[in-house]
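In: model the following, please.
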Amino acid sequence: MTPSLRNAKKPAGTAMHPDHAAVEALAHRLAVQAGQDTSLSVETKIRPRLNGGYSYRDDTVVVALPLESDASDPNVIATIAHELGHRGEPDLLIRNRALGRTFEIGRVAVSLLFIVVGIAAELRGWGPAAAIVGCLTAAFLWLYLLGVVKWPREYAADTYVVRLIGKEATIANLQTLPAGWVDFDHPPRRFRINAVRKLAGI
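Out: Coordinates of the predicted model:
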């Protein structure tokens, strides 16, 4: 359940993990437990740390984990459950393309704002204060886009994990994430833990 690799952005590792068959079987078992079909593909790559992703394009769950880890690691279970959450939430699937396009347009717009502010500050002699204000405004808009488009999907996937493995196991997994910003597409660890703790009736 570390930062996911949305929309077919898969781990760069090319070697298949030796425990791939067990990870694949686990993913299919969790899919059945979640009431999903088992037609999904599973890829298990060797990487320095555990990571996961789901590709809407080809219905593939990707798990990247260290060579010394295997499918019995509780964090592997939580990672797969999180990615199945992205796969299994119908409202997220239906809105995925629209959300993705909105986010990418917003990403470009914010990047252009940075450039425009820098050029305008230089040409008009606004000085560093105006440039700083402009960059802070662009940064705020970027975080707003994340909060509106990306983060709700991660909170929803975490809720899915709670349904599959329980609240305490989900929190234990989240606590293994780095405390700071790892991937701006995901809320900070403490935000996600607090959201899970506030879930009622699960």
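In: please count neighbours and contacts with C-alpha atoms only from this point.
Out: Noted.
In: all helices for this structure, in order.
Out: Assigned by DSSP state H, the helices in the chain fall at 20-33, 74-88, 90-124, 128-145, 151-165, 167-174, 189-197.
In: looking at those, which is closest to residue 62?
Out: helix 74-88 (8.3 Å; C-alpha to C-alpha).
In: elements contacting that closest one?
Out: helix 20-33, strand 51-55, strand 60-65, helix 90-124, helix 151-165, helix 167-174 (3 or more C-alpha pairs under 8 Å, 6 or more residues apart in numbering; DSSP states H and E).
In: with distance to residue 186 and mean neighbour count as extra columns, can I get those in TSV?
Out: Listed next are the helices and strands packed on helix 74-88 as TSV, based on distance: least, C-alpha to C-alpha, whole Å; neighbours: other C-alpha atoms under 10 Å:
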stretch	distance to residue 186	mean neighbour count
helix 20-33	22	18
strand 51-55	12	26
strand 60-65	17	25
helix 90-124	13	14
helix 151-165	6	21
helix 167-174	12	19
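In: and residue 83, which of the ones you listed is closest to it?
Out: strand 51-55 (5.6 Å).
In: that closest one versus strand 60-65: what angle between them?
Out: 170 degrees (axes from the mean of the first three to the mean of the last three C-alpha atoms, to 10 degrees).
In: and the average pLDDT for strand 51-55 is what?
Out: Strand 51-55 shows a mean pLDDT of 90.
In: which among the helices of the chain is found nearest to residue 41?
Out: Closest to residue 41 of those is helix 20-33 (C-alpha to C-alpha; 8.2 Å).
In: check which helices and strands that closest one is in contact with.
Out: Using 3+ C-alpha pairs under 8 Å, 6+ apart, helix 20-33 is in contact with strand 41-46, helix 74-88.
In: pick the most deeply packed of these.
Out: Compared across those, helix 74-88 shows the largest average neighbour count, a mean of 25 (mean count of other C-alpha atoms under 10 Å).
In: hey, C-alpha coordinates of it in PDB?
Out: Coordinates of each C-alpha in helix 74-88 appear next as PDB, following Å, rounded to 0.1, in the frame of the first residue of the first chain:
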ATOM      1  CA  PRO A  74       1.100  -9.100   5.700                       C
ATOM      2  CA  ASN A  75       2.200  -5.900   3.900                       C
ATOM      3  CA  VAL A  76       2.000  -7.700   0.600                       C
ATOM      4  CA  ILE A  77      -1.600  -8.700   1.400                       C
ATOM      5  CA  ALA A  78      -2.400  -5.100   2.300                       C
ATOM      6  CA  THR A  79      -0.800  -3.800  -0.900                       C
ATOM      7  CA  ILE A  80      -2.800  -6.100  -3.100                       C
ATOM      8  CA  ALA A  81      -6.000  -5.300  -1.200                       C
ATOM      9  CA  HIS A  82      -5.300  -1.600  -1.800                       C
ATOM     10  CA  GLU A  83      -4.900  -2.100  -5.500                       C
ATOM     11  CA  LEU A  84      -8.000  -4.200  -5.700                       C
ATOM     12  CA  GLY A  85      -9.700  -1.300  -4.000                       C
ATOM     13  CA  HIS A  86      -8.900   0.800  -7.100                       C
ATOM     14  CA  ARG A  87     -10.100  -2.000  -9.300                       C
ATOM     15  CA  GLY A  88     -13.300  -2.700  -7.400                       C
END
